[in-house]
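Student: Here's my sequence, what's the structure:
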Amino acid sequence: HALARHVRAWLADEQTHLDAASGLLVDTYDTTTPWSTRDTAADIYPFYTWSAYYLAPEVFEATAARALRFERENTVSAATGSIPYSYDTRTRMRLDRGFDDLFFGSAEYVKDGLTPIFEAVGRGEWSSRAAEIERDAFELGRWNAAEGRLPLDNLEVSGDHMQSLPRLYALTRDPRYLAYAERLAEHYFANGPYQPQNLRDHSCEIIGGFALLYAIERQEGRPQAARYAPWLRAMIDYVATYGLTPEGMMHNVVHAGVAGPVAAARGTLSDNWGQNYVAFLIYAAATGEARYADMVDRALRSLGDPQFHDYPWEGDNIDGLADAMEGATYMLAYRPVAEGQRWLDAEAPLLDARSWPPNKFGANAARTAWLYVRTKTRGTWVQPWRDDLAWGAAQSGCGLTVSLRAARDWTGTLRFDTPRYRDTLGFSEDLPRMNYLPAYFTVDAAARYRVTQGARSEVRSGAELAAGLPLTLAAGQELVVTVTPAP
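Tutor: Coordinates of the predicted model:
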């Protein structure tokens, strides 16, 4: 409840830094680039949009969607196709800082900006924008690698594309996106074991990205899955051998040449450990080799060690705590380790107590806060949201129980999540990945569910529950709603 209020307050603060003419957000961290593709568009905009979509639909329609349309029409040029430039809201001009900046920023915008949005809201304008940018990045790329044309000779950029392309292929069924991703895989992995040296953001993206590509190749029954499996295993074995601490946490930089777990000085752990461990979970699920999932469990159990409470992941930058909690949330969606959940519960008040500035660091805090809220509501949300309204949910078997209470009379709807991984992305299962909202309790549109409120019981379709179950709360009174599959 407190974190939802903080998210809404951060959203209101960001609205004061909105360019009225365009709807674009203005970065308060890098004042030289009000709308920068690598920061404002990639880091602030997606979580502003998440916050508006779930907590303030009127803001979502009025500004979040409008910003996309303005950006699509005003930040591109004929010479670079759909690839966006950064934009100066003061001069109303595109900011041309060369091709490296152009291709770097666009890769960040797709992976960190557009992908989280269409993962949440479904197919439409945001997924179409991501698809056209990725297409032109590869068709107009300036890196003539032996494997074919690639956007930019930059590891972080390549990792960004590896994260985005498997989703766009599964979503669109356009084989070009898979071909682009396979081109990257051949470049980085075919000429010997890929051994990542940095295990934190700005170079670790390729770890989870390659695992996601492998999972999609396997889902599609393509021969590349068999080709990629040993490459994936070699990569995660290298991380396990040279990148871990005795607790199962990850160093910022591998301890190359020193095999086995190595203790880390305080403050030198990677806050992106959970984002990297998605590769371990994907490989474990695909091959049945449980020891890779066991490594994740060890890390989650280790969070019960007091040293990890209020740990200085990035010194005093709130981004470190936000990223570490984000990764833990992803892991706990698949491996419900009690110590990990207790750690998340203990860190949440610390996140709430910190200031969330109207920049990319505050945006990452808002992102993680909403991820955490969803663990407690099991993916449900209420509309209209109000700051006196509290709700939480618990799953039991195939059913869900939701408790709601408001200080004042309230009338609205309780909305339920759907299997977005299937309906939006075209995945056969909810694959571990980053930049998404894990699925908890979901309803299928065509299925029927028994909904009970006190003595009242009725059957509703999944489509009705996704659209919103009408509810009325009396001031101060708890309402309990249970939902179970109807026979």
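
Student: How about the residue nearest to the spatial centre of the chain: what's its closest non-neighbour residue?
Tutor: Centroid-nearest residue in the chain, with CA atoms, centre = their mean: Asn435, separated by 1.5 Å. Excluding the flanking residues, the one nearest Asn435 by CB to CB, 6 or more residues apart in numbering is Pro116, at 4.6 Å. C-beta: built from backbone N, CA, C; applies to glycine.

Student: ok, and that neighbour, which helix or strand is that part of?
Tutor: Assigned by DSSP states H and E, Pro116 belongs to helix 115-121.

Student: that older thread, report the contact partners of the residue nearest to the centre of the chain.
Tutor: Counting by CB atoms under 8 Å, 6 or more residues apart in numbering, Asn435 touches 111-112, 115-116, 119, 163.

Student: in stretch 336-352, what counts as buried?
Tutor: By neighbour count with 16 or more other CB atoms under 10 Å, stretch 336-352 contains the buried residues 337, 339-341, 343-344, 347-348, 351-352.

Student: As TSV, these with secondary structure would be great.
Tutor: Below are those laid out as TSV (DSSP: H, G, I helix; E, B strand; the rest coil):
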residue	secondary structure
Val337	coil
Glu339	helix
Gly340	helix
Gln341	helix
Trp343	helix
Leu344	helix
Glu347	helix
Ala348	helix
Leu351	helix
Asp352	helix
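
Student: Ramachandran coordinates for the residue lying farthest from the centre of the chain?
Tutor: Largest separation from the mean C-alpha position in the chain: Ala455, at 39.4 Å (CA atoms, centre = their mean). Ala455 adopts backbone torsions of phi -80, psi -10, taken as degrees, to the nearest 10.

Student: And the one 3 residues further on, by the same measure?
Tutor: For Glu458, the backbone dihedrals (degrees, to the nearest 10) come out as phi -150, psi 160.

Student: how many other residues sit next to it?
Tutor: Under the neighbour criterion other CB atoms under 10 Å, Glu458 is assigned a count of 11.

Student: pretty sure it contacts Arg448?
Tutor: No. Contact criterion CB atoms under 8 Å: Glu458 and Arg448 do not qualify, at 10.5 Å.

Student: Quick check: the gap between the residue nearest to Leu350 when sequence neighbours are not counted and Met331.
Tutor: Leaving aside its sequence neighbours, Leu350 sits nearest to Asp310 (CB to CB, 6+ apart; 5.9 Å). According to CB to CB, to the nearest Å, Asp310 stands 20 Å off from Met331.

Student: of those two, who's got more company?
Tutor: Set Asp310 next to Met331 and count neighbours by other CB under 10 Å: Met331 wins out with 28 against 11.

Student: Report whether that one is found in a helix, as I expect.
Tutor: Yes. Met331: assigned to a helix according to three-state DSSP.

Student: Now do the same for it: its pLDDT.
Tutor: On pLDDT, Met331 comes in at 98.

Student: so what's it up against?
Tutor: 274, 277, 281, 296, 299-300, 340, 432.

Student: Make TSV from the residues you listed and add distance to Ala240 to it.
Tutor: Listed next are the contacts of Met331 as TSV, based on distance: CB to CB, whole Å:
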residue	distance to Ala240
Gly274	15
Tyr277	10
Leu281	13
Val296	11
Ala299	11
Leu300	16
Gly340	19
Pro432	16
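
Student: Narrow the residues you listed to those in helices?
Tutor: The helices, defined by DSSP state H, take in 274, 277, 281, 296, 299-300, 340 from these.

Student: Please identify which pair of those lies farthest apart.
Tutor: The span of those, defined through CB to CB, is set by Leu281 and Gly340 at 13.4 Å.

Student: May I have the secondary structure class of the residue nearest to Leu350?
Tutor: Classification of Asp310 by three-state DSSP places it in coil.

Student: any idea how far it is from Glu347?
Tutor: Distance from Asp310 to Glu347, by CB to CB: 8 Å.

Student: okay, and the common contacts of the two?
Tutor: Common neighbours of Asp310 and Glu347 are not found (criterion: CB under 8 Å, 6+ apart).

Student: Which helix or which strand is home to Gly105?
Tutor: Taking DSSP H and E as the criterion, Gly105 maps to helix 99-108.

Student: I misspoke; the intended subject was Thr472.
Tutor: Using DSSP H and E, Thr472 sits within strand 469-473.

Student: Each with direction, which strands does that strand pair with?
Tutor: strand 410-415 (antiparallel) (DSSP bridges).

Student: Show me what counts as buried in the partner strand.
Tutor: Within strand 410-415, the residues that count as buried by 16+ other CB under 10 Å are 410, 412, 414-415.

Student: quick one: which of those is nearest Tyr29?
Tutor: Set against Tyr29, the nearest of the buried residues of strand 410-415 by CB to CB is Arg415 (33.2 Å).

Student: before we move on, the earlier item: the inter-axis angle of the helix or strand just after the strand holding Thr472 versus strand 410-415?
Tutor: Next in sequence after strand 469-473, counting helices and strands by DSSP H and E, comes strand 479-485. Per axes from the mean of the first three to the mean of the last three CA atoms, to 10 degrees, the angle that strand 479-485 makes with strand 410-415 is 20 degrees.

Student: which parts of strand 479-485 are buried?
Tutor: 479, 481-483.

Student: Sheet-wise, list the partners of it with their directions.
Tutor: strand 399-406 (antiparallel), strand 448-453 (antiparallel).

Student: Contacts for it next, please.
Tutor: 398-405, 414, 416, 441, 443, 447-454, 465, 469, 471, 473.

Student: Give me the buried entries from these.
Tutor: 400-402, 404-405, 414, 416, 441, 443, 449, 451, 465, 469, 471, 473.

Student: how about the strands of the stretch 51-200 of the chain, start to end?
Tutor: With DSSP state E, counting those that start in this stretch, the ranges of strands along the stretch 51-200 of the chain come out as 86-88, 93-95, 143-145, 148-150.

Student: which of those strands sits most buried?
Tutor: By mean neighbour count, with neighbours taken as mean count of other CB atoms under 10 Å, strand 86-88 ranks first of those at a mean of 22.

Student: So which elements touch that strand?
Tutor: Applying 3 or more CB pairs under 8 Å, 6 or more residues apart in numbering; DSSP states H and E, one finds that strand 86-88 contacts strand 93-95.

Student: From the contact counts, what lies against the strand it packs on?
Tutor: Under the contact criterion of 3+ CB pairs under 8 Å, 6+ apart, strand 93-95 touches strand 86-88.

Student: Quick one: distance of the strand it packs on to the chain centre.
Tutor: Here strand 86-88 is found 25 Å from its chain centre; the criterion is CA atoms, centre = their mean, to the nearest Å.

Student: can you tell me the average pLDDT over that strand?
Tutor: Strand 86-88 comes out with an average pLDDT of 95.
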